[in-house]
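Undergrad: Let's see this in three dimensions:
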Amino acid sequence: MAMVSNMTTQASIFLPDEIFTELARRAPRQDERSNLIVEALRYFFATHQTIDSELEKINSYADELNQEAEDVLNYQVIR
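TA: So this is what the prediction gives:
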């Protein structure tokens with residue numbers, strides 16, 4: 001089981017008025033708002049790959065894709 005840290009860091013963020021209004025409506029107390037933002041970010045991080053892993057995935061297919069492109073170009077050359 002993963003260990004969860006109890007350490008927290010205070011951060012200031014800027015939210016559009018309509019987002020903050022909805023956040024305050026759904027989580028009226030500050031601790032509730034913090035918890036909601038933490039859970040939203042955890043969900044986002046868990047469901048979205050990092051740019052590095054996406055680049056690694058693209059690069060893992062680069063040789064194959066480049067060869068396919070070269071084959072297509074060679075086939076289209078008028079001789």
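Undergrad: Domain boundaries for this protein, per the record?
TA: Per automatic domain parsing, the structural domains of the chain span 16-48, 49-79.
Undergrad: Determine which of the ones you listed shows the lowest mean per-residue pLDDT.
TA: Ranked by mean pLDDT, the domains of the chain bottom out at domain 49-79, with a mean of 81.
Undergrad: and that domain, how far out from the chain's middle?
TA: Mean-position distance between domain 49-79 and its chain equals 24 Å (CA atoms, centre = their mean, to the nearest Å).
Undergrad: Over to stretch 45-60?
TA: The answer for stretch 45-60 is 9 Å, by CA atoms, centre = their mean.
Undergrad: Return the alpha-carbon coordinates of that stretch using PDB.
TA: Extracted C-alpha coordinates of stretch 45-60, given in PDB (Å, rounded to 0.1, in the frame of the first residue of the first chain):
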ATOM      1  CA  PHE A  45      -2.500  13.400 -12.300                       C
ATOM      2  CA  ALA A  46      -3.700   9.800 -12.100                       C
ATOM      3  CA  THR A  47      -5.600  10.000 -15.400                       C
ATOM      4  CA  HIS A  48      -3.200  12.200 -17.500                       C
ATOM      5  CA  GLN A  49       0.200  11.100 -18.600                       C
ATOM      6  CA  THR A  50       3.100  13.400 -18.200                       C
ATOM      7  CA  ILE A  51       4.600  15.000 -21.300                       C
ATOM      8  CA  ASP A  52       7.800  13.000 -20.800                       C
ATOM      9  CA  SER A  53       5.900   9.700 -21.100                       C
ATOM     10  CA  GLU A  54       4.000  10.800 -24.100                       C
ATOM     11  CA  LEU A  55       7.200  11.900 -25.800                       C
ATOM     12  CA  GLU A  56       8.800   8.600 -24.900                       C
ATOM     13  CA  LYS A  57       5.800   6.800 -26.500                       C
ATOM     14  CA  ILE A  58       6.200   8.800 -29.700                       C
ATOM     15  CA  ASN A  59       9.900   8.200 -29.800                       C
ATOM     16  CA  SER A  60       9.500   4.500 -29.300                       C
END
